[in-house]
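In: give me the fold of what follows.
(4 chains)
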There are 4 protein chains.
Amino acid sequence: MRADVHRFSLKDPSDVSGLNEAIEKGVIDPAKIVAVIGKTHGNGLVNDYTRGYLTLCLSQLIGSQTGASAENVRKRVPFVFSGGVEGVLSPHYAVFTVDPAANARSEQKSLALGVAFTPELSPLDVGRQRQIDMTAQAVSEAMTSASIESPDDVHFVQVKGPAFTLDDIVSAGNTGQSCATDNPGKLMGFGRAASALGVAKALGEIPANRALETAVLHDFDAYSSVASVSAGVEVRVNEIIVAGLSRAWSGSLTIAHRSMQDALDIGSITDLARDLGLSPAPQVPTAQARRIRAAFVKCEAQRNGTIRGRRHTMLNDGDIDQQRHIRGAVGAIVAAVLNDTALFVSGGAEHQGPDGGGLIAIIAEKGIHVE
Amino acid sequence: MRADVHRFSLKDPSDVSGLNEAIEKGVIDPAKIVAVIGKTHGNGLVNDYTRGYLTLCLSQLIGSQTGASAENVRKRVPFVFSGGVEGVLSPHYAVFTVDPAANARSEQKSLALGVAFTPELSPLDVGRQRQIDMTAQAVSEAMTSASIESPDDVHFVQVKGPAFTLDDIVSAGNTGQSCATDNPGKLMGFGRAASALGVAKALGEIPANRALETAVLHDFDAYSSVASVSAGVEVRVNEIIVAGLSRAWSGSLTIAHRSMQDALDIGSITDLARDLGLSPAPQVPTAQARRIRAAFVKCEAQRNGTIRGRRHTMLNDGDIDQQRHIRGAVGAIVAAVLNDTALFVSGGAEHQGPDGGGLIAIIAEKGIHVE
Amino acid sequence: MRADVHRFSLKDPSDVSGLNEAIEKGVIDPAKIVAVIGKTHGNGLVNDYTRGYLTLCLSQLIGSQTGASAENVRKRVPFVFSGGVEGVLSPHYAVFTVDPAANARSEQKSLALGVAFTPELSPLDVGRQRQIDMTAQAVSEAMTSASIESPDDVHFVQVKGPAFTLDDIVSAGNTGQSCATDNPGKLMGFGRAASALGVAKALGEIPANRALETAVLHDFDAYSSVASVSAGVEVRVNEIIVAGLSRAWSGSLTIAHRSMQDALDIGSITDLARDLGLSPAPQVPTAQARRIRAAFVKCEAQRNGTIRGRRHTMLNDGDIDQQRHIRGAVGAIVAAVLNDTALFVSGGAEHQGPDGGGLIAIIAEKGIHVE
Amino acid sequence: MRADVHRFSLKDPSDVSGLNEAIEKGVIDPAKIVAVIGKTHGNGLVNDYTRGYLTLCLSQLIGSQTGASAENVRKRVPFVFSGGVEGVLSPHYAVFTVDPAANARSEQKSLALGVAFTPELSPLDVGRQRQIDMTAQAVSEAMTSASIESPDDVHFVQVKGPAFTLDDIVSAGNTGQSCATDNPGKLMGFGRAASALGVAKALGEIPANRALETAVLHDFDAYSSVASVSAGVEVRVNEIIVAGLSRAWSGSLTIAHRSMQDALDIGSITDLARDLGLSPAPQVPTAQARRIRAAFVKCEAQRNGTIRGRRHTMLNDGDIDQQRHIRGAVGAIVAAVLNDTALFVSGGAEHQGPDGGGLIAIIAEKGIHVE
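Out: Alright, predicted model coming up:
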């Protein structure tokens, strides 16, 4: 098997011209697309409809190019879009393809991809044990399908789970049961948290007896160092994309990741760049930066209201949501080091990396210094 | 003469406890305060009243400690506050003091400070020739008073000019003349631009025949590499603070600056840190970071809607002002390198540094590598 | 001919279930749809993509139900969506149908509809003479096609014109010519203004020698009392919908309009309700309110910063755009009188109704007191 | 005793020129000021510092005019400012004075005012039983001091309680106890709710066994029909102002109130206007409107996401807080009926009026039809 990744710029959330051109030119075989991850123009909060808009347009394009309905494309291909391109960030999407025909078992590990889906989740499931366990099971399935042998070889697990509007929450409450919270934005946080614990459980990062509903948004020392979870109103299941390394795959791409200890942890970014053979001194040179195929960042505003002892104001701001603040900040630091603004930077890093920090993963062309 | 700088954290815009304690303990002599520069909690736009609130509280404190009225303190001491502590930035203020009794002429150049004020400016003057020329004249006065011999020794010129609300603009228009624009936010931009051209004129960065009203917001290749201009409704004159180096001053502090070519120009930040004997590899270590006494950054969203060829969305965003976006982004990059979040980061860099870029200046304790 | 109007609630901008159900049940013949006007969830500013999202979904639905491509549906049917359902307003869309087979010439005038399109407009045309003249011509065509004999019988002219992002404006500028402004949001205002002057010209509300480019955003006493103009990035031509009264049409619907003198002009709202046989004392009773089929409001924040002598803050607010403020305010007043929140309320009333005011038009079932 | 009320316009949050002029001219005796209630320019959320800014400026003015310190003025006079003048609303403050020398017991009831304060409240007290009980006790004290005999004669109880930033909440949590919530904005809601239940308890609107901590933000059918509660970071106690009618007071002013059943309940507004002898048909005429001395409105976005069966979007909006939405909407309806935009409109009506609705109270000059 061989995995490939292509990134396309996004003029507006319906702009699928980049992928369309790549298909027309034969650069991408639409039947081999297994996942799409991107950043769209919206606010990244509950009322962000740019994620669904792009999902619709891309699934229709892929459908029309493969003779499938858009619905069937969406059942097969996770479309994981996070809204919010604050500051220097650039709207884009990365298309992941798998060529199963490519030749087998090589000496060197290469980028390996696996995809899986949970069953449908109701608003009542969000942030609850069912979401944790379903997610864990789907992650295991995706690892197996990707022939990734060890959890140590998993470098990035993207989960896109459902968000619900007040409408949905009120309807769910009419059954007599109640959701984890009746605040739509806060319920997104519960969902991200439970999903991250599911990933941590599947990869053995935490023991099963800590991957519990009671730990959700509570035991922040329980986390996955490779999970990245988003939520959006346009999906109803947890969609899972596992990216790692495997000798069962060939190709020119590799992947690596690092935890970020806090929002200022630029050292982990430069270390990761060096892990991949890049030279961030202090910035990856333009020619080298072309080797970067995609980068994924999770981050969050530190809960105690300070960063390295100094106050931040992100949690008191009634005009700009804390997620928009932190994406703009951490996204800029990563962009400055990598010399690349088309980054997937997502806020709300509950149980995704160290508390107050997060994670960064990069897919890049193999370099000289890489294994 | 000897200059000193102390930074204080700001819990809310009326929190003057830090300076008060320093005065009570004898660390700062309130009579020697010549300027205060800081970042407050507001949005940094026209309806940001946190700048005026802090100005009131500080001028009353200094007044009560020196036996002067708050009004007289404000006439003597520029209070330059920029609103908006987006992302990782931390609200704070830096207090500048000058001890004239300190001993004279040394071998080594030290931080030198000069302050001056223009006459009162009306809404009709903003962005016009009168603001350019008055600013230039005041900058020259401040240089002279600071005994800075050469424009090359000027490393930072902070200007705080007036902003006007719609009320003021409408009143001014009733005289039959019209303002440069009737949009309050845009008029702030005109004022910053004209003031920056005034600085450039005074320092010989551009010839007098380019420091014209017609160049305002038009000839963006005409700029000052050391000007930093803010505007706020709480002042009616251009207040000027010139910071540079001079052998007429002694003391432990120095200053340096660099231009930033664009929002991702992390190299200029690390270069500047090295100029000051710091080791940003990639981050100034905590112990070294204590030597930083204050840092000043100007930045702006690139006018053509791209950064290094990739789209940004800052200029199309109806929910978050472009200045809030860019401050959060560039502020985070600088904070990550300097290991310091109490930075004066100000948007709206019209004619302040290269177009699409800006500038960074740092006041630090002299280090081993410094002249 | 017979015109009909059906309103549908919108759960999210892709929710076309209401129209779909009406088509499935035979209530609406999709081939007879001539226009759709609605309010979507976005901010109503440049970066509002909910308008395009709903346009795509509705055009695809109508296309699939009529055997046409979505593109061809969009060429035939204007989809006029205004973003921003502030306060009590409710997202919805109103579907306009015309049955040409319905019987001719009646004693009583009935709702008459006409649709027309201008040629494509470039960013350079926006706010310029070409947009004025093209719009005027298209309005005349739409009147003729609607068999509306006199301009006095025209009660509402909806125009949806193009908005352009910074990308487009920069590209247009590369030709050497420049747009009316390089600010995307402000260019929307220029486009609304020029289009409104075009309507006023076509209806003889102003003489041709006042419908000039130089009057745009300048001569605010030149206005159309029935024009309502929106702009959005999802169209490239001015789409025109003329609604009026004609004896060539039959059916149960009528239309009326009033100018609003300012944002507090509740009297014009109650007067208009009474014109239509409703009893707003002070609120149209629920049973009567069902007779309202659609209502359209244009409004704007008064330019001098006051309303009836008291300051408002809408034009100084850096956190909420003035259009969002005024839509929420005027929309609530109209909703309270009409007992109906599914209103098309649109800000930016440049040359649309009296300066600082706007207009209101209602389509309702004919009542006892109506002609 | 005789009560009087004067309203002043507010150019910016430090603009105390109106009161200053009234004092200078002898219209207001500063020693007789017992309370100030107003609307300032901020967002009305946690990071709104305009309330504190105006409090500082007014307390200093009154202090300087009465020979007291600003601190002592603040201990004696409640300053209740609510941020957020959305839409047509106008920033202003109403100054309440009491002349104790004025002659006693009259036939007709007149406006009666009483003021009281609770002890200091910590973040841990907010939303808890202590806040309920302390508030109830202070309301009783204020009624007694105002010689209001029956709870039926109480028409408006304004409470201003403390809000806390994340800093405060984190500090409080360090004691081992936890606050009702660690979200600063949500804690404001807890505080408003508990305070409202305290008012309801004091006035016998609910029995003591329903005025319990467990009812806070839970039993929404338990409410006070006259309570209006705001919260702000600038106070640390609950400040209570009781306004009602009493024969122990003379003067030309009266007060009345009505509950609003929902955001569209315009009928209660016109009914209340008629209660006071005004003629809202549909708008109070300008000459009559001058009789209105102050008006107070509480309102909230309906929790189930609909108003009269139609969806609103206020609770899903990540860009504009629900309180800003609802203040702008309900404020506009009241302004249109009363022909007055200088209204105290405050969001967050938890347990203040019917669930989803709120209340309106008006102080006006006695008219012909009034008792």
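In: contacting residues for residue A:124?
Out: Contact analysis of residue A:124 by C-beta atoms under 8 Å, 6 or more residues apart in numbering or on different chains lists A:172, A:175, A:177-179. In short, each C-beta sits where N, CA and C put it, glycine included.
In: return the item of these having minimum pLDDT.
Out: Of all the contacts of residue A:124, residue A:175 carries the smallest pLDDT score, 82.
In: let's verify the residue lying closest to it once chain neighbours are set aside: helix, strand, or coil?
Out: The shortest distance from residue A:175 to any non-neighbouring residue, by C-beta to C-beta, 6 or more residues apart in numbering or on different chains, is to residue A:124 (7.5 Å). The three-state assignment at residue A:124 reads coil, by DSSP: H, G, I helix; E, B strand; the rest coil.
In: could you check how far residue A:124 is from residue C:324?
Out: As judged by C-beta to C-beta, to the nearest Å, residue A:124 and residue C:324 stand 34 Å apart.
In: right, and the pair among the contacts of residue A:124 with maximum separation?
Out: Farthest pair in the contacts of residue A:124 (C-beta to C-beta) is A:175 and A:179. Separation: 10.3 Å.
In: these two: who's more crowded?
Out: Set residue A:175 next to residue A:179 and count neighbours by other C-beta atoms under 10 Å in any protein chain shown: residue A:179 wins out with 23 against 10.
In: which parts of the stretch 101-250 of chain A sit against chain C?
Out: Counting by C-beta under 8 Å from any C-beta of the partner chain, the residues of the stretch 101-250 of chain A close to chain C are A:165, A:167, A:233.
In: quick check, residue A:224 in contact with residue A:204.
Out: No - under the criterion of C-beta atoms under 8 Å, residue A:224 is not in contact with residue A:204, lying 10.1 Å apart.
In: between the two, who's got more neighbours?
Out: A count of neighbours by other C-beta under 10 Å puts residue A:224 above the other of residue A:224 and residue A:204, at 28 against 11.
In: how about the contacts made by that one?
Out: Counting by C-beta under 8 Å, 6+ apart, residue A:224 touches A:157, A:196-197, A:199-200, A:203, A:205-206, A:351-353.
In: the same query, at a cut-off of 6 Å, please.
Out: A:196, A:199-200, A:205 (C-beta atoms under 6 Å, 6 or more residues apart in numbering or on different chains).
In: how close does it get to residue A:155?
Out: Residue A:224 is 12 Å from residue A:155, where distance means C-beta to C-beta.
In: before we move on, the earlier item: for the contacts of residue A:124, which one is nearest chain C?
Out: Taking C-beta to the nearest C-beta as the measure, chain C lies nearest residue A:172 of the contacts of residue A:124, at 14.9 Å.
In: in contact with the closest one, which residues?
Out: Here residue A:172 is in contact with A:123-124, A:179 (criterion: C-beta under 6 Å, 6+ apart).
In: mind running it again at 8 Å?
Out: Residue A:172 sits next to A:122-124, A:164, A:178-179 when contact means C-beta under 8 Å, 6+ apart.
In: quick one: the helices in the stretch 201-350 of chain A?
Out: Ranges of helices in the stretch 201-350 of chain A, per DSSP state H, counting those that start in this stretch, are A:266-275, A:286-289, A:322-338.
In: how about the ones you listed, which one is nearest chain D?
Out: Using C-beta to the nearest C-beta, those put helix A:322-338 closest to chain D, at 8.3 Å.
In: give me the element residue A:56 is part of.
Out: For residue A:56, the host element (DSSP states H and E) is helix A:50-66.
In: before we move on, what about residue A:5?
Out: strand A:2-9.
In: can you point out the buried residues in the helix or strand following that strand?
Out: As assigned by DSSP H and E, the chain's next helix or strand after strand A:2-9 is helix A:17-24. Neighbour counts using 16 or more other C-beta atoms under 10 Å in any protein chain shown place A:18-20, A:22-23 of helix A:17-24 among the buried residues.
In: count of neighbours near residue A:287?
Out: 8.
In: same thing with residue A:360?
Out: Quick note: residue A:360 (other C-beta under 10 Å) scores 31 neighbours.
In: confirm it sits in a strand?
Out: Yes - the assignment for residue A:360 is a strand, going by three-state DSSP.
In: could you report the neighbour count for the residue lying closest to it once chain neighbours are set aside?
Out: The shortest distance from residue A:360 to any non-neighbouring residue, by C-beta to C-beta, 6+ apart, is to residue A:297 (5.0 Å). Residues lying near residue A:297 (other C-beta under 10 Å) number 27.
In: please name the bridge partners of residue A:297.
Out: For residue A:297, the beta-bridge partners are residue A:345, residue A:360 (DSSP bridges).
In: who are the neighbours in contact with it?
Out: Contact analysis of residue A:297 by C-beta under 8 Å, 6+ apart lists A:260, A:330-331, A:334, A:343-346, A:358-360.
In: and residue A:331, by the same measure?
Out: Contact analysis of residue A:331 by C-beta under 8 Å, 6+ apart lists A:86-89, A:297, A:299, A:341, A:343, A:345, B:329.
In: kindly recompute the last result at 7 Å.
Out: Residues in contact with residue A:331 (C-beta atoms under 7 Å, 6 or more residues apart in numbering or on different chains) are A:86-89, A:297, A:343, A:345.
In: if I look at the residue nearest to it when sequence neighbours are not counted, how far off is residue A:263?
Out: Nearest residue to residue A:331, sequence neighbours excluded (C-beta to C-beta, 6+ apart): residue A:345, at 3.9 Å. Distance of residue A:345 to residue A:263, computed by C-beta to C-beta: 11 Å.
In: looking at those two, which is more packed in?
Out: Neighbours were counted for residue A:345 and for residue A:263 using other C-beta under 10 Å; residue A:345 has more, 31 against 28.
In: wait, that one sits on residue A:329?
Out: No - if you go by C-beta atoms under 7 Å, residue A:345 and residue A:329 don't touch, sitting 9.5 Å apart.
In: so which residues of the stretch 101-250 of chain A form strands?
Out: For the stretch 101-250 of chain A, strands defined by DSSP state E, counting those that start in this stretch occupy the ranges A:110-120, A:154-162, A:227-232, A:237-246.
In: worst average pLDDT in those strands?
Out: Among the strands of the stretch 101-250 of chain A, strand A:227-232 scores lowest, at a mean of 92.
In: phi first, then psi, for the residue nearest to residue A:254 when sequence neighbours are not counted.
Out: Nearest non-adjacent residue to residue A:254, counting by C-beta to C-beta, 6+ apart: residue A:366, 4.9 Å away. Backbone geometry at residue A:366, expressed as degrees, to the nearest 10, gives phi -60, psi 140.
In: distance check, the residue of the stretch 1-150 of chain A found nearest chain D against chain C.
Out: At 2.8 Å from chain D, residue A:45 is the closest residue in the stretch 1-150 of chain A, using C-beta to the nearest C-beta. Here residue A:45 is placed at a distance of 12 Å from chain C (C-beta to the nearest C-beta, to the nearest Å).
In: where in the stretch 1-150 of chain A is pLDDT low?
Out: Residues of the stretch 1-150 of chain A meeting the criterion pLDDT under 70: A:102-105.
In: redo that, cut-off 90
Out: Applying pLDDT under 90 to the stretch 1-150 of chain A flags the ranges A:46, A:101-107.
In: now for the residue of it found nearest chain C: which residues touch it?
Out: Distance from chain C to each residue of the stretch 1-150 of chain A (C-beta to the nearest C-beta) is smallest for residue A:53, at 4.4 Å. Residues near residue A:53 by C-beta under 7 Å, 6+ apart: A:13-14, C:49, C:53.
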